[in-house]
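>>> based on what follows, work out the 3D shape:
(2 chains)
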2 protein chains.
Amino acid sequence: MQTVTLKVEGMSCGHCVNSVEGAVREVGAEGKVNLSAGEVTVAFDESKVTLQAIKAAIEEQGYDVA
Amino acid sequence: MQTVTLKVEGMSCGHCVNSVEGAVREVGAEGKVNLSAGEVTVAFDESKVTLQAIKAAIEEQGYDVA
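Take a look at the predicted model:
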């Protein structure tokens, strides 16, 4: 299990939090957004999902991952 | 049919637009949000729904209506 904190641009409200955390969950990882910091901390099993796939899932929701 | 533009505080993203327009639709009116202006223009039939009910529906979504 690995934990990484990603900078996410464009999250502005509780709906955004739900979108991002939901996207992370859908690819089989766990995500916790810190809205004021503009960050999401993701925990994932490297044998099951790549960090690249997690970033792609967040970007698909319309947010930029730094 | 009456058209009123309301000032709504707290709308920050596309999800907020959907929430507010959806809430207005649910009480039988039509709403169009202008996100950058922080406004929603609502069109409604006074014999079917009151402006008060429209405001209440928006506030139920967590936004302040001025």
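>>> the strands in chain A, which residues?
For chain A, strands defined by DSSP state E occupy the ranges A:2-9, A:30-34, A:39-44, A:64-65.
>>> ok, A:M1 - contacts?
A:43-45 (CB atoms under 8 Å, 6 or more residues apart in numbering or on different chains). From N, CA and C alone the C-beta is placed, and that goes for glycine too.
>>> okay, the spatially closest residue to A:G10 that is not a sequence neighbour and A:A37: tell me how far apart.
Counting by CB to CB, 6 or more residues apart in numbering or on different chains, A:G10 lies nearest to A:Y63, which is 4.5 Å off, once chain neighbours are set aside. A:Y63 sits 14 Å away from A:A37, taking CB to CB, to the nearest Å as the criterion.
>>> likewise for A:A53?
From A:A53 to A:A37 the distance is 23 Å (CB to CB).
>>> could you give the bridge partners of the residue lying closest to A:A66 once chain neighbours are set aside?
Leaving aside its sequence neighbours, A:A66 sits nearest to A:K7 (CB to CB, 6+ apart; 3.9 Å). Per DSSP bridges, the residues bridged to A:K7 are A:E39.
>>> give me the number of neighbouring residues for A:K7.
11 (other CB atoms under 10 Å in any protein chain shown).
>>> kindly report the same for A:A56.
A:A56 has 13 nearby residues by other CB under 10 Å.
>>> against A:G10, how distant is it?
Distance, A:A56 to A:G10, by CB to CB: 15 Å.
>>> and what of A:A57?
Counting by CB to CB, the gap from A:A57 to A:G10 is 15 Å.
>>> and the two? which has more neighbours close in?
A:A57 (22 against 15).
>>> contact residues of chain A facing chain B?
A:10, A:12-16, A:18-19, A:62 (CB under 8 Å from any CB of the partner chain).
>>> swap the cut-off to 6 Å and go again
Within chain A, the positions adjacent to chain B are A:12-13, A:15-16 by CB under 6 Å from any CB of the partner chain.
>>> turn these into CSV, columns for pLDDT.
Below are the residues of chain A next to chain B laid out as CSV (pLDDT from 0 to 100):
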residue, pLDDT
A:S12, 94
A:C13, 95
A:H15, 95
A:C16, 96
